[in-house]
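Novice: okay, here's the prediction I keep looking at, along with the sequence it came from:
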Amino acid sequence: MYQDVLVPTDGSDGTRRAIAHALTIADRFDATVHALSIVPEGPLGTLDDGDPTTAARRAVERVEREARQNGTAVTTAVEHGVPHEEILAYVEDNGIDMVVMGTQGRTGLDRVLVGSVAERVVRLADVPVVTVRLTDEIRLEDSEAVERLARERAESDGYEDVSLRDEPHRTSASWTVPLETASGSITVQIDAVTADARITTED
């Protein structure tokens with residue numbers, strides 16, 4: 001029934017549940033997940049203080065990692081433009097059967113804007129749109145605490161000479177902590193809500 005499921009993601013907390021829903025649906029129907037992040041253009045631009053293109057790449061890479069761990073086919077894209085227009089264009093150009101998206105962004109005005117994007121996609125899309133609200137509260141917001149948890153998890157799994165390879169960063173209520181160890185590079189994913197940690201090795 002569904003072969004291609006699109007999950008737009010901006011790397012914010014509000015997309016975490018949407019990603020989980022999209023992966024569940026894709027697994028049920030043996031579908032491909034499409035992760036799309038959009039760097040907003042126009043009079044408002046982006047509300048991020050950092051590099052929005054880097055943030056967008058990280059957002060889709062997070063979906064890609066989770067999809068591959070689940071054995072789900074995945075494709076990613078980063079576009080520039082008006083968010084709802086880019087989402088609708090991607091749906092049409094890539095034969096998308098369903099869109100799964102969050103209705104809340106980061107905070108303040110961005111939360112309102114993301115909700116507006118979801119509303120427009122629901123109203124204008126020719127395919128089913130599943131909207132998902134954020135209900136969990138973020139517990140882990142301090143990067144130093146996250147780094148400590150990542151080191152402890154790595155050491156408990158037998159890794160030695162553990163050191164930070166790059167600064168921890170958070171997308172979609174999950175922390176990514178790149179570490180270097182005596183046996184090679186690893187990445188620890190830590191859920192910012194539950195504090196659950198999972199290790200992935202670098203290829």
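Specialist: Okay, I see it. Given the structure is predicted, the values throughout are model-derived calculations rather than measurements.
Novice: can you pull out the helices in this protein?
Specialist: Shown for the chain, the helices assigned by DSSP state H span residues 16-29, 52-69, 83-93, 108-124, 143-156.
Novice: so which of those is nearest residue 36?
Specialist: Residue 36 lies closest, by CB to CB, to one member of the helices of the chain: helix 83-93, at 5.4 Å. Where C-beta positions appear, they are placed from N, C-alpha and C, glycine not excepted.
Novice: lowest average confidence, helix or strand, in the protein?
Specialist: helix 108-124 (a mean of 65; mean pLDDT, DSSP states H and E).
Novice: if we can go back for a sec, now render the helices of the chain as a markdown table, adding mean neighbour count.
Specialist: Below are the helices of the chain laid out as a markdown table (neighbours: other CB atoms under 10 Å):
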| stretch | mean neighbour count |
| --- | --- |
| helix 16-29 | 20 |
| helix 52-69 | 19 |
| helix 83-93 | 18 |
| helix 108-124 | 16 |
| helix 143-156 | 16 |
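Novice: same list, those helices, but as TSV with distance to residue 169 please.
Specialist: Shown next, in TSV, are these (distance: least, CB to CB, whole Å):
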stretch	distance to residue 169
helix 16-29	15
helix 52-69	6
helix 83-93	22
helix 108-124	18
helix 143-156	8
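Novice: number of residues surrounding residue 35?
Specialist: 25 (other CB atoms under 10 Å).
Novice: sweet, I'm off.
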